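*Asks:* Sequence below, structure please.
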Amino acid sequence: MKEIKLKAKEEHRINKGHYWIFSNELEQIDKTIAPGSIVKITDYKGGVLGLGFFNPRTLIAARLLTKGAQEELGKNFIFERLDNAFAYRKQFGVRKFGRMCYGEADGLPGLVVDRYGDYLVAEILTAGMELLKEDITASVKKIFKPKGIKFKNDSAFRELEGLSSAPETIGQVPEEVEIEENKAKFIVSLQGSQKTGFYFDQRDNRAFLKPYFKDKIVLDLYSYSGSFGINAALNGAAAVWGADSSAAAVELAKRNAELNGVSAVCQYHRDDAERLLSAMGKNELPQQPDMVLLDPPAFVKNRKALPQAVNLYVKLNRMALAGLKEGGMLATSTCSHHISREIFMDIIKQAAAKAGKKVNLIELRGQAKDHPALIGMPETEYLHFALLEVR
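*Replies:* Alright, predicted model coming up:
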């Protein structure tokens, strides 16, 4: 097994709980090592930090798999990590539908596995995990006994790692499946959909909001498949107005509303969030909302885009708060690891000040428990959620 060595004093972040090593932290980049190879990682004095994947072509040059002195990965390494990940989720009641593996947080960097009952949708994002695909496939078959597995392979990270973007299906994976979440049912497209099909990461936040929906007129922006708005309708909302820029998403939300028997309460339209917020501020909507659900996409694709994205998040939240009357509520989120909790709170503070509103923070939350945030690695904590009330 080949070794890579860190520069002096570059091991501190690893010792504090991080699992990535960047190319500029290494003494040298050994380009003779094949991308995805497992290497021994040492500090500048030769002390062993652990074993990890190495890719000489990428900015994240190494991803730790184990820490401490160890000669090789065990024969059942992948199975044991996946089995432990499933055991962790079962204690929270996440068994049939949810994220079964979340990369570094589950000790498997670059592997994401979502379960939709009898079917799995997986993403392999690193060259190292790609080399272990046979072990991954055998392990998930043993643990979950799926009828089919889809490897999406469409992430831009695969291109950075030098991997193919061609999808791969093992067994049979249908176009659509029906799942259940918080006693609601949803049709999920497993072919060509956003992420791996459904936003499981907001499950706990949707459940948290249940008591706040009663008799509310709800504006659900960036509604996608309708998971927030339908949850509102099932928990006593007087009306739900949903909007998404995608025609396909709007049709899916309508089908999901019908599936849950709330079509009379939920109306979904293809529309622009900023246009609707502007109309709300001018009292031009058919009904004036007293609750806004704001769950925009990840505007921050890289750190360079952060300032521009923050300005956009501030604008959207400012418009929402400005349009709400006293007692109105805003449930707002961001979903990029480039936006820390501190930045998220600053966005809310700026938005409230610019809206000229006194705003109470009812609760500050994060991603669902099947997306564990690893202490020492802030990149694993990417979703921030707040429920606010205008006073």
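*Asks:* Now do the buried residues in the lowest-mean-pLDDT helix or strand in the chain.
*Replies:* The weakest-scoring helix or strand in the chain, judged by mean pLDDT, DSSP states H and E, is helix 156-160 (a mean of 92). Residues of helix 156-160 classed as buried by neighbour count (16 or more other C-beta atoms under 10 Å): 158, 160. All C-beta spots, glycine's among them, are computed from the backbone N, C-alpha and C.
*Asks:* Pull it out as PDB, backbone CA atoms only.
*Replies:* Presented in PDB, the C-alpha positions along helix 156-160 are these (Å, rounded to 0.1, in the frame of the first residue of the first chain):
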ATOM      1  CA  ALA A 156     -21.000  16.900 -11.500                       C
ATOM      2  CA  PHE A 157     -18.700  15.500  -8.800                       C
ATOM      3  CA  ARG A 158     -18.300  12.300 -10.800                       C
ATOM      4  CA  GLU A 159     -16.800  14.200 -13.700                       C
ATOM      5  CA  LEU A 160     -14.300  15.800 -11.300                       C
END
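*Asks:* Show me what the helix or strand that comes right after that helix is packed up against.
*Replies:* As assigned by DSSP states H and E, the chain's next helix or strand after helix 156-160 is strand 168-171. If contacts are counted by 3 or more C-beta pairs under 8 Å, 6 or more residues apart in numbering; DSSP states H and E, strand 168-171 sits against strand 148-151.
*Asks:* ok, 10 Å please
*Replies:* If you count contacts as 3 or more C-beta pairs under 10 Å, 6 or more residues apart in numbering; DSSP states H and E, strand 168-171 packs onto strand 119-124, helix 133-144, strand 148-151.
*Asks:* shaky segments in the stretch 101-250 of the chain?
*Replies:* 192-196 (pLDDT under 70).
*Asks:* ends of stretch 325-341, how far apart?
*Replies:* 26 Å (C-alpha to C-alpha, to the nearest Å).
*Asks:* Hmm, I typed the wrong one, I wanted stretch 143-161.
*Replies:* 28 Å.
*Asks:* can you check stretch 106-118 too?
*Replies:* Start and end residues of stretch 106-118 are separated by 22 Å (C-alpha to C-alpha).
*Asks:* thinking again about what came up before, single out the most deeply packed of the helices and strands packed on strand 168-171.
*Replies:* Among the helices and strands packed on strand 168-171, strand 119-124 has the highest mean neighbour count (mean count of other C-beta atoms under 10 Å), at a mean of 24.
*Asks:* longest helix anywhere in this structure?
*Replies:* Ranked by residue count, the top helix of the chain under DSSP state H comes out as helix 306-323.
*Asks:* how about it: buried residues?
*Replies:* For helix 306-323, burial by neighbour count (16+ other C-beta under 10 Å) applies to 306, 309-310, 312-323.
*Asks:* Pick out whichever of the residues you listed sits closest to residue 357.
*Replies:* residue 321 (5.0 Å; C-beta to C-beta).
*Asks:* in what helix or strand does residue 251 lie?
*Replies:* Here residue 251 sits within helix 247-259, counting by DSSP H and E.
*Asks:* Which positions in that helix come out as buried?
*Replies:* Buried residues in helix 247-259 (16+ other C-beta under 10 Å): 249, 250, 252, 253, 254, 255, 256, 257, 259.
*Asks:* How about stretch 293-305?
*Replies:* Quick answer for stretch 293-305 (16+ other C-beta under 10 Å): 293, 294, 295, 296, 299, 300.
*Asks:* Show me those that map onto helices.
*Replies:* Of those, none are assigned to helices by DSSP H.
*Asks:* Of those, just say which sits nearest to residue 208.
*Replies:* Nearest member of those to residue 208, counting by C-beta to C-beta, is residue 293, at 12.4 Å.
*Asks:* Residue 224 is in contact with the closest one, correct?
*Replies:* No - Residue 293 is beyond contact range of residue 224, at 11.1 Å (criterion: C-beta atoms under 10 Å).
*Asks:* As CSV, the buried residues of stretch 293-305 with distance to residue 269 and pLDDT would be great.
*Replies:* CSV is the format used below for the buried residues of stretch 293-305 (distance: C-beta to C-beta, whole Å; pLDDT from 0 to 100):
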residue, distance to residue 269, pLDDT
293, 15, 98
294, 17, 98
295, 17, 95
296, 17, 94
299, 22, 87
300, 27, 82
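*Asks:* Please report the distance of residue 247 from residue 186.
*Replies:* Using C-beta to C-beta, to the nearest Å, residue 247 is found at 18 Å from residue 186.
*Asks:* How much space separates the most centrally placed residue in the chain from residue 301?
*Replies:* Nearest residue to the geometric centre of the chain (C-alpha atoms, centre = their mean): residue 201, 5.6 Å. According to C-beta to C-beta, residue 201 stands 18 Å off from residue 301.
*Asks:* do the same with residue 88
*Replies:* From residue 88 to residue 301 the distance is 30 Å (C-beta to C-beta).
*Asks:* sorry, back to before: so which of the buried residues of stretch 293-305 belong to strands?
*Replies:* 293, 294 (DSSP state E).
*Asks:* sorry, back to before: looking at this, the residue nearest to the centre of the chain is in a strand?
*Replies:* No - Residue 201 is assigned helix when assessed by DSSP: H, G, I helix; E, B strand; the rest coil, not a strand.
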